[in-house]
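A.B. asks: Have a look; sequence and predicted model below, questions after that.
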Amino acid sequence: MSIERMQIVPSSAPRITAEREGGMLHAMLSGSWTADHALAIEDCASKLIGKAKAQRQVVLDLSRVERLDTIGAWVIDRTLHVLRGKGRRTDLVAARPEHRTLLGEIDAHGFHKAPVRNEDGPPELLVEIGEGVAGAGNSLIGGLSFLGESVVAIGRILSWRGHFRAPAFIHQMELIVLRGVPIIVLISFVVGGIIAQQGIFQLRRFDAADLVVDLLGILTLRELGVLLAAIMVAGRSGSSFTAELGAMKMREEIDALRVMGFDPIDVLVIPRLLALIIGLPMLAFLADMASLLGGMLVAWFYQGIFFPAFLDKLQAAIGMHTFLAGLIKAPFMALIIGVIASTEGLAVEGSTEDLGRHVTSSVVKSIFMVIVADGLFAVFFAAIGY
Amino acid sequence: MNDRRSSHWSGRQAEAVIRVRGLEAGFDERLILKGVDLDLFRGEILGLVGASGSGKSVLTRTILGLIPKRAGTIALFGKNTDELSPEERRTLEQRLGVLFQFGALISSITVKENVQLMMREHLDLSEQLLDEVAMLKLDMVGLSPDVADKYPSELSGGMVKRAALARALALDPEVLILDEPTSGLDPVGAGEFDELIVTLRNALGLTVFMVTHDLDSLHTICDRISALGDGRIIATGDMEAMLHIEDPWLRAYFRGKRARAANAPAAE
């Protein structure tokens, strides 16, 4: 029993000495029957059951048990039940009062074996494939219906029937755009530089290194600027958006808002979605500029194309449509990120593990969908010859 | 019930399993505990009361080492915690079972795994025995076996408390520290929980320290009551003694309308 647990004194190992007397097995238990000797206890108990095979009666003498805790008591109780189940008569003798109380308490809680796990059922792999397919279908439908709800909510605001929450919107603009500027500008600058450098090295082989300006200008403005900005925003803002909504869902804050008469989509989602849709083109523009600047410095450094010459060539290489083809994509990508982040956030249930899973899946899904959308736009622009 | 609770510990020589002297603790500039003296004697159930914000939780958390103390001493099982190495302190703390106010079950694993968590970490048990003992502990706190494989988010408030109690009992602690064990339970559930604590105390020889607001718990199961006010223990004693302390808050608490209702059955 826990009262007597003295951690200072090393406890002696549990032992059973059994003597046969006629048809009776007299087993003397000694040592400490406690959790720290659990394996030895189980060993003792199973040996006792083995020895009791031929005997009709088993007497367990507990007088020399030094310490007993719930685990020891449980094993003794289990042994008694096993022996009785085999038709043996069992007696417990000479237990100390406190040990008797504990054994009584354990016995009162009934003997039940640990439930056996049901191993039959369809193979794991098939189940997982099925669940995966159903999950993908559900999330597609969920995303579409959420998009619908958002459009309705935006419609309400545009028709002045809804209440536009300016402070929340401004706050989100700060978090998504302003705080995102340094990192997005920095990586775009670096990527622009890398493209220019690689472009120069490869194009030199064709003696066309000056074409690096065309390469950089078109690639950056049409694809890379917006893509880099969108991926960074998905990683920075999409994830925090999912985590915020998910944590609010877990703590019933979203239910509370609903009960207080707010539409969670109006209050939580729309400000973020609008901030994303307006903010991402701004960030994409900054990414474009930073990337061009990075490329311009590298072109000067490696190829000696000085800034005025670079800008002249750039002007000749690109048109307004090159620039617009990139920026047009930004609001759509923002919408994708926002919708995925909010559906994932609102799908969080109960556990913290679930929250982590949804944040991960929010980021992975939005980056994947952003790239897919970029591909579709490329096909579309090629088809209409823009 | 009254004779059952007193007989268990009164005859024993009083050994303090937790002894706190001159404890000071607080946050930043604000000192919340200003010299707390408290003894928890082996085998008793001690109730700690005090107004909201009086520092009950801070006291419990300081004893558990979750909040650093500024001054004073805390002795667990007769050993000053300042003189222990972190490892020794952890070993001692394994002899404390803690029930947090909201259960604090780990939400990503099942109830059974929550109960097994400490056993797995600190003991060398066979998988079968782990399962059996976990089921036993769940049964002892009055949970049905089918709860074992549920996740904490699927449980009701009362079940969470019971599951958390089963987890607190996992390593056969000598001392149970309960933070508002009956808050959020209906009166019947709270009464059952009180009964359960007495039963477990008697069966397992536990010592119980409970922070509570529940007058019924204080009446029915606490051997002694300590009242915390203004960062100090302002009174300690049994219910009878509490009724005669002249302190505005204690007066209102123990002799207010709600207290009279709780007093009535005990007065017979």
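C.D. replies: Yes, it's here. Source: prediction; values computed, not measured. Numbers count the residues shown, from 1 in each chain, chains lettered A, B, ... in the order given.
A.B. asks: Spatially nearest residue to residue 164, not counting backbone neighbours?
C.D. replies: Assuming you mean chain A. Spatial nearest neighbour of A:Phe164, excluding adjacent residues (C-beta to C-beta, 6 or more residues apart in numbering or on different chains): A:Ile157 at 4.9 Å. Just so you know, the C-beta spots here come from the backbone N, C-alpha and C atoms, and that holds for glycine as well.
A.B. asks: To clarify, I was referring to chain B.
C.D. replies: B:Gly103 is the one closest to B:Ala164 (C-beta to C-beta, 6+ apart), at 3.9 Å.
A.B. asks: contacting residues around that neighbour?
C.D. replies: B:Gly103 makes contact with B:152, B:160-161, B:163-164, according to C-beta atoms under 8 Å, 6 or more residues apart in numbering or on different chains.
A.B. asks: now do B:Leu196
C.D. replies: Counting by C-beta under 8 Å, 6+ apart, B:Leu196 has contacts B:141-142, B:162, B:165.
A.B. asks: re the thing from before, let me know the closest of the contacts of B:Gly103 to B:Tyr253.
C.D. replies: Closest to B:Tyr253 out of the contacts of B:Gly103 is B:Lys161 (23.2 Å), distances taken as C-beta to C-beta.
A.B. asks: Wait, a helix at the closest one?
C.D. replies: Yes: using DSSP: H, G, I helix; E, B strand; the rest coil, the secondary structure at B:Lys161 is a helix.
A.B. asks: Now for it: which residues touch it?
C.D. replies: Shown in contact with B:Lys161 (C-beta under 8 Å, 6+ apart): B:99, B:103, B:181, B:184-185, B:193.
A.B. asks: Low-confidence ranges, the chain, go.
C.D. replies: All of this is about chain A. Scanning chain A with the threshold set as pLDDT under 70 gives A:1-11, A:110-121, A:161-162.
A.B. asks: Oops, wrong one, chain B.
C.D. replies: B:1-13, B:259-268.
A.B. asks: Please enumerate the strands of it.
C.D. replies: B:16-27, B:30-41, B:45-50, B:71-76, B:79-80, B:96-99, B:175-179, B:207-211, B:224-229, B:232-237 (DSSP state E).
A.B. asks: would you turn the ones you listed into CSV with mean neighbour count and distance to A:Gly246?
C.D. replies: Below are the strands of chain B laid out as CSV (neighbours: other C-beta atoms under 10 Å in any protein chain shown; distance: least, C-beta to C-beta, whole Å):
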stretch, mean neighbour count, distance to A:Gly246
strand B:16-27, 18, 29
strand B:30-41, 18, 33
strand B:45-50, 24, 36
strand B:71-76, 18, 39
strand B:79-80, 13, 44
strand B:96-99, 23, 27
strand B:175-179, 23, 27
strand B:207-211, 24, 31
strand B:224-229, 22, 37
strand B:232-237, 17, 43
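A.B. asks: Wasn't A:Glu19 part of a strand?
C.D. replies: Yes: counting by three-state DSSP, A:Glu19 is found in a strand.
A.B. asks: Next up, the contacts around it.
C.D. replies: A:25-26, A:28.
A.B. asks: most neighbours, which of the residues you listed?
C.D. replies: A:Leu25 (23 neighbours; other C-beta atoms under 10 Å in any protein chain shown).
A.B. asks: So what does that residue have for phi and psi?
C.D. replies: phi -100, psi 120 (degrees, to the nearest 10).
A.B. asks: I'd like the distance between the closest residue to it other than its chain neighbours and chain B.
C.D. replies: Closest residue to A:Leu25 apart from its sequence neighbours, by C-beta to C-beta, 6+ apart: A:Gln55 at 4.2 Å. Distance of A:Gln55 to chain B, computed by C-beta to the nearest C-beta, to the nearest Å: 25 Å.
A.B. asks: Thought A:His26 was touching A:Gln55, still the case?
C.D. replies: No: taking C-beta atoms under 8 Å as the definition, A:Gln55 is not a contact partner of A:His26, at 9.5 Å.
A.B. asks: between those two, what contacts are shared?
C.D. replies: By C-beta under 8 Å, 6+ apart, the residues touching both A:Gln55 and A:His26 are A:Arg20.
A.B. asks: right, and B:Ile233 touches B:Asp37 too?
C.D. replies: Yes: with contacts counted by C-beta under 8 Å, B:Ile233 reaches B:Asp37, the gap being 5.9 Å.
A.B. asks: The residue nearest to A:Ile195 when sequence neighbours are not counted: which element?
C.D. replies: Among residues not flanking A:Ile195 along the chain, A:Leu216 sits closest, at 5.8 Å (C-beta to C-beta, 6+ apart). Using DSSP states H and E, the element containing A:Leu216 is helix A:212-219.
A.B. asks: which residues touch that helix?
C.D. replies: In contact with helix A:212-219 (C-beta under 8 Å, 6+ apart) are residues A:192, A:195-196, A:199-200, A:203, A:291-292, A:295, A:299, A:303, A:305, A:310, A:313-314, A:317-318, A:322.
A.B. asks: what's the answer for stretch B:53-61, then?
C.D. replies: B:20, B:23, B:25-26, B:32-33, B:36, B:38, B:48-50, B:67, B:101, B:177, B:179, B:209, B:211, B:228-231.
A.B. asks: Quick check: the nearest residue to B:Gly47 once chain neighbours are set aside vs A:Ser30, distance?
C.D. replies: Closest residue to B:Gly47 apart from its sequence neighbours, by C-beta to C-beta, 6+ apart: B:Cys222 at 3.7 Å. With distances taken as C-beta to C-beta, to the nearest Å, B:Cys222 is found 39 Å from A:Ser30.
A.B. asks: which of the two has more neighbours?
C.D. replies: A count of neighbours by other C-beta under 10 Å puts B:Cys222 above the other of B:Cys222 and A:Ser30, at 25 against 17.
A.B. asks: Just list the residues touching B:Gly142, thanks.
C.D. replies: Taking C-beta under 8 Å, 6+ apart, one finds B:162, B:192, B:196 in contact with B:Gly142.
A.B. asks: mind checking how far the spatially closest residue to B:Leu33 that is not a sequence neighbour is from A:Gly356?
C.D. replies: Leaving aside its sequence neighbours, B:Leu33 sits nearest to B:Ala25 (C-beta to C-beta, 6+ apart; 4.5 Å). Remark: distance between B:Ala25 and A:Gly356 (C-beta to C-beta) = 33 Å.
A.B. asks: Could you do A:Leu273 as well?
C.D. replies: Applying C-beta to C-beta to A:Leu273 and A:Gly356 gives a distance of 23 Å.
A.B. asks: what does the stretch 101-250 of chain B have sitting close to chain A?
C.D. replies: Taking C-beta under 8 Å from any C-beta of the partner chain as the test, the list of the stretch 101-250 of chain B residues beside chain A reads B:107-108, B:119, B:123-126, B:128-129, B:131-137, B:139-140, B:145, B:148, B:151-154, B:169, B:171-174, B:199, B:202-206.
A.B. asks: Cross these against helices and list the overlap.
C.D. replies: Counted as lying in helices by DSSP state H, out of these, are B:119, B:128-129, B:131-137, B:139-140, B:199, B:202-204.
A.B. asks: residues contacting the closest residue to chain B within chain A?
C.D. replies: Going by C-beta to the nearest C-beta, chain B is nearest to A:Gly350 of chain A, at 2.7 Å. Contacts here follow C-beta under 8 Å, 6+ apart; on that basis A:Gly350 touches A:250, B:107, B:151-154.
A.B. asks: Dump the residues you listed to TSV, plus neighbour count.
C.D. replies: Output for these, formatted as TSV (neighbours: other C-beta atoms under 10 Å in any protein chain shown):
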residue	neighbour count
A:Met250	18
B:Ser107	17
B:Tyr151	20
B:Pro152	21
B:Ser153	15
B:Glu154	15
